[in-house]
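Chemist: heads up, no residue letters with this:
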């Protein structure tokens, strides 16, 4: 291999700008017995990286599993609280009437009062008519 190409790849490797294929080329170069003397200091590093890549652990790693049911339970409670607050806010909020609606409500109340007053006076007048009808009956009895 060309020494200049290896030096260029080595510079790019230390800058973190190499591809996997270029790194494989460097590992293959430093795995050889004949390495340029000024690059021999990198040979143990690449040998160690190759050995570390092939290492495996016999120990089984167990990750703690969180109970999904526990999280879902809290999410359900939170959602219920949000819904309850929304419903309570809707139910207990006073309905705001526009100016036009308020004026219509006042006019309705005044009309209702006027109708009740008129009904009361009409009923009093009707009672007076019953007295007239008894007077008429008595008059008819006398005049006969």
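Modeler: Done, it's in. All figures in this text were calculated on a predicted structure; none of them were measured in a lab. Numbers count the residues shown, from 1 in each chain.
Chemist: quick check: mean pLDDT across stretch 83-91?
Modeler: For stretch 83-91, mean pLDDT rounds to 86.
Chemist: and for stretch 132-144?
Modeler: Rounded mean pLDDT across stretch 132-144 is 76.
Chemist: swap in stretch 23-30?
Modeler: 86.
Chemist: how about residues contacting that stretch?
Modeler: For stretch 23-30, contacts defined as CB atoms under 8 Å, 6 or more residues apart in numbering pick out 1, 6, 9-10, 13, 18, 35, 39, 42-43, 45-47, 49-50. For every residue, glycine as well, the C-beta is placed using N, CA and C.
Chemist: what about residue 35, helix or strand, and which?
Modeler: Assigned by DSSP states H and E, residue 35 belongs to no helix or strand.
Chemist: my read: it touches residue 43, true?
Modeler: Yes - Residue 35 is within contact range of residue 43, at 5.3 Å (criterion: CB atoms under 8 Å).
Chemist: tell me how far residue 120 lies from residue 110.
Modeler: 16 Å (CB to CB, to the nearest Å).
Chemist: can you check residue 127 too?
Modeler: From residue 127 to residue 110 the distance is 27 Å (CB to CB).
Chemist: same question, residue 117
Modeler: Residue 117 is 11 Å from residue 110, by CB to CB.
Chemist: please apply the same query to residue 37.
Modeler: Taking CB to CB, one finds residue 37 at 112 Å from residue 110.
Chemist: check residue 18 too.
Modeler: 91 Å.
Chemist: pick out whichever of those two has more residues nearby.
Modeler: Comparing residue 18 with residue 110 by other CB atoms under 10 Å, the one with more neighbours is residue 18, at 17 against 10.
Chemist: can you count the residues close to residue 47?
Modeler: Residues near residue 47, counting by other CB under 10 Å: 13.
Chemist: same check, this time on the one 4 residues further on
Modeler: Per other CB under 10 Å, the neighbour tally for residue 51 reads 9.
Chemist: outside of the helix or strand encompassing it, which residues touch it?
Modeler: Per DSSP H and E: residue 51 is located in helix 43-54. Helix 43-54 has contacts (CB under 8 Å, 6+ apart) with 26, 27, 30, 31, 35.
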